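# Next input, structure requested:
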Amino acid sequence: MTTPPPTRFADGFVQPNRHITARLTAMLNLLLSAHGGGGTMSAASKGAERELFVNSFLSQVFPPHFRFGSGDITDSEENKSGQLDVVIEFPNLYSFPIWHSAPRLYLAEGVAVAIEIKSDLSNQWSEVEATAKNIKSLRRRFDDYRIRELADRYDAMNDGKSKLRAYELREAAACLTAPTEDIPLFVVGYNGWANAETLCKHLGNSQVDAVLQLDRQFFVARGSGTVVQDMGPMCLMIFLEFITNCLHVTPPQSSIFHYATQAESGGVAGSDQQEGPGTTNSGPSLRSDPVTRRRTPGS
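Below is the predicted model of the structure:
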């Protein structure tokens, strides 16, 4: 096999690993050929072909403990995303199917990243923007948020001891590393725009986090300003790298029983409304206080 020429990336030249390049080239060709072969099929058939991206690529390259499904995402304020093509879950939380392989209902805190797959980005970008608007309305409430929420309740009690507890809780929350409250949304297009500049312009005016365009081998990420072109199949590897970054941020999960109690709409300490497990109308319970839970009696 002929060694591929060096490819410009960032401020210097890199020599792609020729073995990985050959494998990614084959995978990219498979995806594009399968999509091209279904170009004259019905919309339903095209939808089934887009699932090839999951069955022959994503689920094959990532370890088996990650689950790739589709369905709706909801958060603790009852917002809902609408059905998404691909949802990748954190491996430490559950989701709700109706039956095996059916679309699932996901809890926002259990979702690492969502992916939309389109046949032609230039013709379907309005659909992408509508999906992005829905999914970006969702909020993931991890343990750091719950601790700060509890600190606010202690503050509302308005006495010196409670103020100190609120300060300790906020210090504890600041020590936790958590993903962003919004859910990352990536978009994959088999076809799209002729140049990366046009893709960047559309991405910059949207809420989408990153786009992979297969026919031109473009990858563009909004937040980091990453623009990859002229690297051929290595666009797939960079796409996988961005997904991996989302998967490896281990969220400090809190109890998600607030989905059952609708505690998000509860009042502050001293209100007459029951706050759910761990709190009562007399103020925050120490059972819900993570700082108190970590202390030993008499400390």
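
# Just the element for residue 162, please.
helix 160-174 (DSSP states H and E).

# same thing with residue 86?
Residue 86 belongs to strand 84-89, assigned by DSSP H and E.

# Quick check: neighbours of that strand in the sheet, parallel or antiparallel?
The strands beside strand 84-89 in its sheet (DSSP bridges) come out as strand 68-74 (antiparallel), strand 111-120 (antiparallel).

# so which of those strands gets nearest residue 242?
Residue 242 lies closest, by CB to CB, to one member of the strands paired with strand 84-89: strand 111-120, at 8.5 Å. Backbone N, C-alpha and C define where each C-beta goes, glycine included.

# which parts of the closest one are buried?
Across strand 111-120, burial judged by 16 or more other CB atoms under 10 Å covers 111-119.

# of those residues, closest to residue 157?
So of the buried residues of strand 111-120, ranked by how close each gets to residue 157 (CB to CB), first place is residue 111, at 34.5 Å.

# any idea how far the residue nearest the centre of the chain is from residue 80?
In the chain, the residue lying closest to the centroid (CA atoms, centre = their mean) is residue 113, at 2.2 Å. Between residue 113 and residue 80 the computed distance is 18 Å (CB to CB, to the nearest Å).

# Put the alpha carbons of stretch 137-144 into PDB.
Written as PDB, here are the backbone C-alpha positions of stretch 137-144 (Å, rounded to 0.1, in the frame of the first residue of the first chain):
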ATOM      1  CA  SER A 137     -34.000  23.300  26.500                       C
ATOM      2  CA  LEU A 138     -33.300  20.200  28.700                       C
ATOM      3  CA  ARG A 139     -31.100  20.500  31.900                       C
ATOM      4  CA  ARG A 140     -29.000  17.800  33.500                       C
ATOM      5  CA  ARG A 141     -29.100  18.200  37.300                       C
ATOM      6  CA  PHE A 142     -26.100  16.400  38.800                       C
ATOM      7  CA  ASP A 143     -25.000  16.300  42.400                       C
ATOM      8  CA  ASP A 144     -23.200  19.600  42.300                       C
END
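
# contact partners of that stretch?
73-77, 79-81, 108-109, 111, 173-174, 176, 178-183, 251-254, 258, 264, 290 (CB atoms under 8 Å, 6 or more residues apart in numbering).

# tally of neighbours for residue 60?
By the measure other CB atoms under 10 Å, the count of residues near residue 60 is 10.

# Paired strands for the following helix or strand past the helix holding residue 162, with orientation please.
Downstream of helix 160-174, the next assigned helix or strand under DSSP H and E is strand 185-191. Its sheet considered, strand 185-191 pairs with strand 111-120 (parallel), strand 210-213 (parallel) by DSSP bridges.

# Dump these to TSV, plus mean pLDDT and distance to residue 167.
Shown next, in TSV, are the strands paired with strand 185-191 (pLDDT from 0 to 100; distance: least, CB to CB, whole Å):
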stretch	mean pLDDT	distance to residue 167
strand 111-120	96	32
strand 210-213	98	38
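
# can you redo the ones you listed as TSV with distance to residue 92?
Shown next, in TSV, are the strands paired with strand 185-191 (distance: least, CB to CB, whole Å):
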stretch	distance to residue 92
strand 111-120	10
strand 210-213	24
